[in-house]
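# Quick one: sequence plus predicted model below, questions after.
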Amino acid sequence: MTMSGQESVQHPWLRYYPSDVPASLQYPLVPVHQLLLSSAKARPDRAALVFFNRATSYAALLEEVKRVGAGLVRLGLKKGDRVAIMLPNCPQEVAAYFGALWAGGVVVMVNPLYTPRELQFQLKDSGARFLIALDLVYPKIAQVIDQTPLEKVIVTGIQERLPFPLNILYPLKLRREGKWVSVPCNGKTMRYGELIAAAPMQDAAPVDPKTDLALLQYTGGTTGVPKGVMLTHYNMVANCAQIKAIIPPMRGDQIIIMGALPFFHVYGLTTVMNYGIMVGARLLLFPRFELVDILKAAQKYQPQLFPGVPTMYVAINEYPQVRRYNLKSIEWCISGAAGLPLQVKETFERMTGGRLVEGYGLSEASPVTHCTPLRGVHKPGSIGLPVPDTDARIIDLETGAALPPGKPGELAVRGPQVMRGYWNHPQETALVLKGGWLYTGDIAIMDEQGYFFIVDRKKEMLKVSGFNVYPREVEDVLFQHPAVKEAAVIGIPDAYQGEAVKAFVVLKPGAGASKDEIVQWCKGRLAAYKIPRQVEFVQELPKTLIGKVLRRVLAEQEKAKSDNAAGKGGATPAP
């Protein structure tokens, strides 16, 4: 790769790109649904989706997409109208997503596990006129529908796409008291079958990929009020092209991808669904991460690509009967959403023979900005290198100046995948988009070779005796203990140090360890002020649906316990 001297200094990571990864790409100016149209025209009979062993071809998927588009237009959808989708991974979700875009709508992905309060907020904030939802969650919708702009709710059941009855699925039992969930068909409600009954809409609504929105992706709300990230068609197509550029060729005539990540989260939406459709892959759809179902599908369909989160790989590594299943087809795995412990990576790679690397992204960037080279140098704890056409720098938290290698600061990125801004939040947009740069809120370090390391969230950094303590660093040490399955670290008030470190630890099944043993393990591996003052063993850690540990929830629970103890005569002293 030819580089100028100045470019080498400003972008040192380019020297470490694999030889087949270009520094820059040409991005097609096409809408997201063109990805499906192109794949369907190229190989219409190829399987696009596999759902509980039932396949849907690219031609059949495109036909359904056109019918969804026609149905929405018949209901009154106009270009730019928001269409909310509240479904788990299933064929209807994929068709609804591309169908809404085909009709000129803007998709709003909604977590099916949302409470009525969360659902009402997102529907009102986005101004969604239409909602395509799982019939199981309709009781929650019914509670808030009159407090939202919704004009029509289209309901569908997973069982409609299965050749057999399924009693237990996502997220709980599909049957209640022996009956399917009953959804009234009235002025505001209709079945999905009615939506797609009309003649297909042959020509997609015209859009400008550079300016027209494809998606309002709401941030998880782990800090502050959730905001709708405005992603254009160009943002999302560009990110798919960037992902395609960094993933090496795979064995077989067709790429087969594990679709275990939920598509209502932008990580799964982009790295599995959009990317998979772009390359004509076969997507194995799972409504939720059920370990045995995943292992059986891996053995039967032999997927080569498995994007996931660390908790998925931990579950596979720790499953006692995992050796019964052949996982040797897996070639490449990209882990995101949380730090990937080295032990988890090495164990998974030994078992599968594939490569498991850490990547990084955020909703505001469609989401992928960094990835460890799948064929190249791996540095433990690193999120790797910026993907093609993505610039990155480390910003001093106090001065705002760019920092040299080795110095921690806020990670800022820019590239074709960066959002237009937050929906109806110009002030919040101005806080994170500055001069074309997206300020991520993550503390990171870049080394001399241009590899980036996430230290922690800016808002989760601890101050212990005036020193910065990053929870992830402590968690990485805890993860190395042979008895520890998972760990999370927060700060707790301390009269002497200001803050002290508290660790929450989940032990492996059958393993044992004392609090003193955990503390002793950290000594010699961490500076004294980073060593946990308190250790609490728990059965599980609070997580988002894709597996990101919610330290905020742990901190809130800890504060509540402290307040209760103080109300009963004083706080419990630290051991």
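Done, it's in.
# buried stuff in stretch 299-314?
Buried residues in stretch 299-314, counted by 16 or more other Cβ atoms under 10 Å: 301, 303-314. Where you see a C-beta, it was placed from the backbone N, CA and C, and this is true even at glycine.
# Report how many residues lie close to Thr544.
As a burial measure, Thr544 scores 19 neighbours (other Cβ atoms under 10 Å).
# in the stretch 251-400 of the chain, which spans are helices?
For the stretch 251-400 of the chain, applying DSSP state H, counting those that start in this stretch gives helices covering 266-268, 275-278, 291-301, 310-318, 342-352.
# which stretch among those helices comes nearest Arg414?
Across the helices of the stretch 251-400 of the chain, Arg414 has its closest neighbour in helix 266-268 (18.2 Å, Cβ to Cβ).
# Give the burial count for Pro248, as a bare number.
Neighbour tally, Pro248, other Cβ under 10 Å: 14.
# on that earlier part again, need the buried residues of stretch 299-314 in a markdown table with distance to Ile546, can you?
As requested, the buried residues of stretch 299-314 are arranged in a markdown table below (distance: Cβ to Cβ, whole Å):
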| residue | distance to Ile546 |
| --- | --- |
| Tyr301 | 22 |
| Pro303 | 19 |
| Gln304 | 21 |
| Leu305 | 17 |
| Phe306 | 14 |
| Pro307 | 11 |
| Gly308 | 9 |
| Val309 | 5 |
| Pro310 | 10 |
| Thr311 | 9 |
| Met312 | 9 |
| Tyr313 | 13 |
| Val314 | 14 |
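# wait, which of those is closest to Leu356?
Lowest distance from Leu356 to the buried residues of stretch 299-314 (Cβ to Cβ) belongs to Tyr313, with 6.5 Å.
# contacting residues for that closest one?
Shown in contact with Tyr313 (Cβ atoms under 8 Å, 6 or more residues apart in numbering): 333, 335, 340, 344-345, 348, 356.
# which of those residues are buried?
Of the contacts of Tyr313, these count as buried by 16+ other Cβ under 10 Å: 333, 335, 340, 344-345, 348, 356.
# ok, of those residues, which one's closest to Tyr234?
After measuring the buried ones among the contacts of Tyr313 against Tyr234 - Cβ to Cβ - the closest member comes out as Ser335, at 26.9 Å.
# from memory the closest one sits against Gly354, does it?
No - applying Cβ atoms under 8 Å as the test, Ser335 and Gly354 come out as separate, 11.9 Å apart.
# what's around Val505, how many residues?
As a burial measure, Val505 scores 24 neighbours (other Cβ under 10 Å).
# And it, which helix or strand is it part of?
Element membership for Val505, per DSSP states H and E: strand 498-507.
# where along the stretch 51-200 of the chain do the helices fall?
58-74, 91-102, 116-126, 138-144, 192-195.
# Report the mean per-residue pLDDT for the second one.
Model confidence over helix 91-102, given as mean pLDDT, is 98.
# Let me know the angle separating that helix from helix 58-74.
Helix 91-102 runs at 60 degrees relative to helix 58-74, counting by axes from the mean of the first three to the mean of the last three Cα atoms, to 10 degrees.
# before we move on, the earlier item: make TSV out of the helices of the stretch 251-400 of the chain and add distance to Ala133 and mean pLDDT.
Output for the helices of the stretch 251-400 of the chain, formatted as TSV (distance: least, Cβ to Cβ, whole Å; pLDDT from 0 to 100):
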stretch	distance to Ala133	mean pLDDT
helix 266-268	18	95
helix 275-278	22	98
helix 291-301	23	96
helix 310-318	26	90
helix 342-352	35	93
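# Minimum distance to Arg420: which of those helices has it?
Nearest to Arg420 among the helices of the stretch 251-400 of the chain is helix 266-268 (14.6 Å), distances taken as Cβ to Cβ.
# of the contacts of Tyr313, closest to Pro408?
Leu340 (19.5 Å).
# Wait, the closest one touches Leu356, no?
Yes - Leu340 is within contact range of Leu356, at 7.3 Å (criterion: Cβ under 8 Å).
# Count the neighbours of the residue nearest to Glu410 when sequence neighbours are not counted for me.
Counting by Cβ to Cβ, 6 or more residues apart in numbering, Ile395 is the residue found nearest to Glu410 once chain neighbours are left out, at 4.6 Å. By the measure other Cβ under 10 Å, the count of residues near Ile395 is 19.
# Could you do Thr372 as well?
A total of 26 residues lie near Thr372 under the criterion other Cβ under 10 Å.
# Please shift the residue numbers so they start at 655 in all later answers.
Yes, from this point I'll number from 655; that puts the last item at Thr1026.
# distance of it from Met763?
27 Å (Cβ to Cβ, to the nearest Å).
# re earlier: now for the buried ones among the contacts of Tyr967, which pair is the farthest apart?
Checking the buried ones among the contacts of Tyr967 with Cβ to Cβ, the most distant pair is Cys987 and Val998, at 10.8 Å.
# between these two, what contacts are shared?
Common contact partners of Cys987 and Val998 (Cβ under 8 Å, 6+ apart): 967, 1010.
# all strands for the stretch 1105-1229 of the chain, in order.
Ranges of strands within the stretch 1105-1229 of the chain are 1106-1111, 1116-1118, 1121-1123, 1138-1148, 1152-1161, 1188-1191, based on DSSP state E, counting those that start in this stretch.
# List the buried residues for the fifth one?
Right, strand 1152-1161. Buried residues in strand 1152-1161 (16+ other Cβ under 10 Å): 1153-1159, 1161.
# Give me the neighbour count for Ala782.
For Ala782, the number of neighbouring residues by other Cβ under 10 Å comes to 24.
# pretty sure it contacts Thr802?
Yes - with contacts counted by Cβ under 8 Å, Ala782 reaches Thr802, the gap being 7.4 Å.
# Quick one: residues contacting Lys881.
872-873, 1076-1077, 1079, 1082.
# between those, which is nearest Asp1110?
Of these, the one sitting nearest to Asp1110 (Cβ to Cβ) turns out to be Thr873, at 17.8 Å.
# now the closest one: how far from Met763?
According to Cβ to Cβ, Thr873 and Met763 sit 12 Å apart.
# The two: which is more packed in?
Met763 (22 against 17).
# In the stretch 855-1004 of the chain, what residue spans correspond to strands?
Secondary structure of the stretch 855-1004 of the chain (DSSP E, counting those that start in this stretch): strands at 867-872, 882-886, 910-913, 936-939, 986-989.
# Mean pLDDT added to these, as a markdown table?
Listed next are the strands of the stretch 855-1004 of the chain as a markdown table, based on pLDDT from 0 to 100:
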| stretch | mean pLDDT |
| --- | --- |
| strand 867-872 | 97 |
| strand 882-886 | 97 |
| strand 910-913 | 98 |
| strand 936-939 | 98 |
| strand 986-989 | 96 |
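# right, and the strands of the stretch 1105-1229 of the chain - which one's nearest Leu741?
strand 1138-1148 (28.9 Å).
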